[in-house]
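Visitor: Structure, please.
(one chain, ligands or ions: 1)
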Amino acid sequence: MKIAILPGDGIGPEIVAQAVKVLDVLKQDGLKIEMEYGNIGGAGYDAEGDPFPESTLKLSQAADAVLLGAVGGPQYDTLDRPLRPERGLLRIRKELNLFANLRPALLYPELASASTLKPEVVSGLDIMIVRELTGGLYFGQPRGIEVRNGERVGFNTMIYSESEVRRVAQVAFGIAMKRGKRLCSVEKANVLECSELWKEVVADVAKGYPEVSLSTLYVDNAAMQLVRNPKQFDVIVTSNLFGDILSDEASMLSGSIGMLPSASLDENNKGMYEPIHGSAPDIAGKDLANPLATILSVAMMFKYTFNDEGTAERIDNAVKKAIAQGYRTGDIWTEGCKRVSCGAMGDAVVAAL
Ligand code: NAD
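Guide: Numbering: from 1, shown residues only. Sure, this is the predicted structure:
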């Protein structure tokens, strides 16, 4: 298992160091893990003059999986756009053809009070949103702003080929098979031809997964259902635009940005794994960050790239145990719990492991 480790900027190095502690334990236990470090984002610019240096491209291509911390920081905001840290992130996703973005929305019962929704609505929440990441409205041509009949018009194209829908649907069905075997495809087929095709192709892919029960929802209804009764969902698959909106909505159900991992996969389940939050410059270098989203990203890596459910579960359970034991970083701390540093939270997970 070759893992490219890209800590990045801000809290990136601190949170990745905790995930590496977890990987080191697994290595000691006999798993054949190789880790190699690379630069990305501002760290790439500082060291090699490029937010996604050639050396990091090669390292990531040669690896089976990539673990990324976060990129960005105020010191880079005045750089030319192509040199900015966030551009490095877009480039690595594109270069590795990571078309399926997996974002779980998961809430540990002990953290239910962190959500803006009533505890009984969100406690035990466990949804996986699969968002198509490299096509749809965000990439469709033609696009632009031009003058027509004496006034400016802006336009974009929502377009999906059958093969683009098929491959992301296959990923989503595969994930549903590893979870509760329920998949909801979200589109707007009552209005959009692009969604009509999406719906047809997803239904066709479903024939290959008879054990998975497939449902469909229009996106407006899905947005409503996510706050009305989010626990009705197991896996959701949707297009780039709808997924962008729904995954942000769903992540907020769980209240804490420091708890949520993500994965972006290619056709062969090679993946890049990263927390959903950014580089948190306000707390960087202070040993305050919550490393659990990054550690949970490692659990996703074992589940989806290395097909090792046992190890994934072991990591998930270690995180659950650390939470049950009352350990909390500042972002999830409540009265009566043990407030710990980033490093101490990593140690608590390692001890539980
Ligand atoms: P952010 O996610 O970095 O921070 C938002 C708030 O959440 C901050 O108050 C921060 O302290 C807190 N926070 C975030 N992660 C935390 C953690 N693990 N533990 C405790 N608290 C945490 O978003 P932002 O402030 O909008 O952006 C900061 C920088 O990160 C920007 O340069 C932005 O471009 C970049 N960014 C990068 C990514 C990425 O690398 N994938 C994603 C989003 C933003």
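Visitor: looking only at pLDDT, what's the mean for the strand or helix carrying residue 174?
Guide: Secondary structure assignment for residue 174, by DSSP states H and E: helix 162-178. Averaging pLDDT along helix 162-178 yields 96.
Visitor: which residues are in contact with that helix?
Guide: With contacts defined as Cβ atoms under 8 Å, 6 or more residues apart in numbering, helix 162-178 is touched by 99-100, 102, 128, 130, 132, 135, 182-183, 185, 197-198, 201-202, 204-206, 208-209, 211-212, 234-235, 237, 265, 267, 303-304, 309. Where C-beta positions appear, they are placed from N, C-alpha and C, glycine not excepted.
Visitor: what kind of secondary structure is the residue minimising distance to the centre of the chain in?
Guide: By Cα atoms, centre = their mean, the chain has its centre lying nearest to residue 262, at 2.0 Å. For residue 262, the secondary structure call by DSSP: H, G, I helix; E, B strand; the rest coil comes out as strand.
Visitor: quick one, what contacts it?
Guide: 101, 102, 103, 104, 273, 274, 275, 276, 297, 300.
Visitor: Would you mark the buried spots in the helix holding residue 174?
Guide: 164, 165, 167, 168, 169, 170, 171, 172, 173, 174, 175, 176 (16 or more other Cβ atoms under 10 Å).
Visitor: out of those, who's near the ligand?
Guide: On the criterion Cβ under 6 Å from any ligand atom, none of the entries of the buried residues of helix 162-178 sits beside the ligand.
Visitor: now stretch 77-93: how far from the chain's centre is it?
Guide: Its chain's C-alpha centre lies 19 Å from the corresponding centre of stretch 77-93 when counted by Cα atoms, centre = their mean, to the nearest Å.
Visitor: buried set for that stretch?
Guide: 84, 85, 87, 88, 89, 91, 92, 93.
Visitor: So which residues on the stretch 1-150 of the chain come close to the ligand?
Guide: Looking at the ligand, the residues of the stretch 1-150 of the chain close enough under Cβ under 6 Å from any ligand atom are 11, 15, 70, 71, 72, 73, 86, 89.
Visitor: quick one on the thing from earlier: what angle sits between the helix or strand following the helix holding residue 174 and helix 162-178?
Guide: Under the assignment DSSP H and E, the closest C-terminal helix or strand after helix 162-178 is strand 182-187. Orientation check (axes from the mean of the first three to the mean of the last three Cα atoms, to 10 degrees): strand 182-187 against helix 162-178 gives 150 degrees.
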